[in-house]
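> Got a predicted structure here, sequence first:
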Amino acid sequence: MLGRPPSCASQGQGELRRDLAEALAEAGRALPAGRLARLGATPEVHHGLRDPQAPATGQKPSAPQAPVTAQKPPPAPGNARKPAPQPATGQSRGAAGQTAAGTQPTVPPSYRIGPQDTLLITVVDEAELTGKFSVDADGMVSYPYLNRVRAAGMTATELQNYLVTQLKAGYLRNPQVRVDVDTFRSQSVMIVGEVRQAGRIPMTGPTMTLLEALVLAGSPTAKASNEIIVRHRGVDGKDPEEIRVNRRDLELGKSDVVLRDGDLINVPTAASFFVDGMVRNPGTYTLEPGTTVQQAIALAGGLTDRGSNRGITATRLVNGKTTEVPLRLDDKVQANDVIRIRQRFF
């Protein structure tokens with residue numbers, strides 16, 4: 001038996017329901033969730049259809065997340081990279097070389113090169129001809145292209161001009177040369193006496209002071225005198241010169257002496273004297289230049305309760321003979337004096 005065909009009314013209702021569902025779906029996609037909530041609707045599409053961008057039912061929409069970007073860790077303290085130095089502008093290599101070579105040597109113009117000195121020779125743009133060269137015992141220097149060159153007895157400027165002339169003769173078109181003395185070993189002074197390392201001391205430069213020489217000699221010993229004698233040798237027919245320096249003034253920077261090649265420095269043993277008799281601390285004391293009898297008594301601690309400042313005598317060597325001489329308080333004490341302080345009677 002054939003079924004009854006659907007009526008026209010049923011077909012119209014089905015089409016109406018489909019149109020309504022599509023309209024609701026379009027409305028759900030077009031309106032925001034808050035607007036739908038106020039209208040009493042949900043973002044879900046009716047009749048089983050759902051907005052793919054809407055959150056699931058019963059879940060709150062999460063806040064939008066900011067995009068995550070990779071961050072570099074901060075540099076460790078003290079390891080910050082320093083900017084690379086920028087090369088100087090406005091100077092070419094050749095110009096800089098000519099400036100360095102064109103200046104005069106730093107050694108005094110009168111200094112004469114000697115054996116054992118070390119020379120610093122610079123030729124612009126010529127690495128083979130630039131370097132340190134020692135002056136041999138015979139005063140000669142072994143130099144590229146020129147073989148053996150005599151340097152002893154010449155100043156740095158004279159040797160510089162000589163090298164320019166020789167290199168220009170057949171090797172370089174316009175040589176830029178500079179000659180300096182790197183180490184000074186040809187000049188020295190002699191130090192003797194009460195120092196820790198007596199002997200010959202090479203000068204550290206074209207000039208050297210007395211204080212520098214004493215430091216290189218290990219400083220004076222405890223027995224050293226406070227007076228140092230410097231003897232300059234005669235130069236150009238002049239007589240030798242002797243200079244006496246107070247060591248305390250030297251150490252305090254109040255005085256100093258510029259040494260010359262061949263100078264003799266004598267640090268003598270300190271002279272002494274002896275105080276005996278009615279003083280608090282009898283004994284031997286270092287004699288300072290100009291020490292008086294009264295100062296000698298003070299060094300010995302002063303007089304005792306029974307000591308007298310009258311009738312003071314000293315046993316002294318006079319003309320090779322031991323003699324007892326009377327002393328006053330303002331008399332000068334001499335080396336090896338034996339001073340006796342008498343006892344007062346009342």
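Happy to help now that I have it. On a predicted model such as this, the values are computed, not experimentally measured, just so you know.
> quick one: buried residues of stretch 330-346?
The neighbour-count criterion (16 or more other Cβ atoms under 10 Å) identifies D331, V333, D337, V338, I339, R340, I341 as the buried residues of stretch 330-346. For the C-beta atoms, the positions are set from N, CA and C on the backbone; glycine is no exception.
> Show me where this structure dips below the pLDDT cut-off.
When the per-residue scores of the chain are filtered using pLDDT under 70, the ranges that remain are 1-106, 346.
> Let me see the ranges of the helices in it.
Assigned by DSSP state H, the helices in the chain fall at 8-30, 33-38, 93-102, 156-168, 210-216, 247-251, 293-299.
> Please name the residues that touch the residue lying closest to Q294 once chain neighbours are set aside.
Computed as Cβ to Cβ, 6 or more residues apart in numbering, the closest residue to Q294 that is not its neighbour in sequence is L329, at 4.2 Å. The contact partners of L329, taken as Cβ atoms under 8 Å, 6 or more residues apart in numbering, are T292, V293, Q294, I297, N309, I312.
> Weed out the non-buried ones from the residues you listed.
Neighbour-count burial (16+ other Cβ under 10 Å) is assigned, among these, to V293, I297, I312.
> Could you dump those into a markdown table and include distance to T165?
Output for the buried ones among the contacts of L329, formatted as a markdown table (distance: Cβ to Cβ, whole Å):
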| residue | distance to T165 |
| --- | --- |
| V293 | 72 |
| I297 | 74 |
| I312 | 77 |
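> re earlier: quick one: which of the contacts of L329 is nearest to A151?
Closest approach to A151 among the contacts of L329 (Cβ to Cβ): T292, at 57.0 Å.
> Is that closest one bridged to anything, and to what?
K332 (DSSP bridges).
> So it sits against V333, correct?
Yes - with contact defined as Cβ atoms under 8 Å, T292 reaches V333; the gap is 6.8 Å.
> that older thread, can you redo the contacts of L329 as TSV with distance to V279?
Below are the contacts of L329 laid out as TSV (distance: Cβ to Cβ, whole Å):
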residue	distance to V279
T292	15
V293	12
Q294	12
I297	6
N309	11
I312	11
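> Closest one to T130 out of those, please.
Nearest to T130 out of the contacts of L329 is T292 (Cβ to Cβ; 64.9 Å).
> Report the contact partners of that closest one.
By Cβ under 8 Å, 6+ apart, the contact set of T292 is L329, D330, D331, K332, V333.
> measure the second one to N226 for me?
Distance, D330 to N226, by Cβ to Cβ, to the nearest Å: 21 Å.
> again with the last one
For V333, the distance to N226 under the criterion Cβ to Cβ works out to 14 Å.
> what do you get for S272?
Relative to N226, S272 is positioned 12 Å away (criterion: Cβ to Cβ).
> Tell me which of these two has more neighbours.
It is N226, of S272 and N226, that has more neighbours when counted by other Cβ atoms under 10 Å, with 20 against 16.
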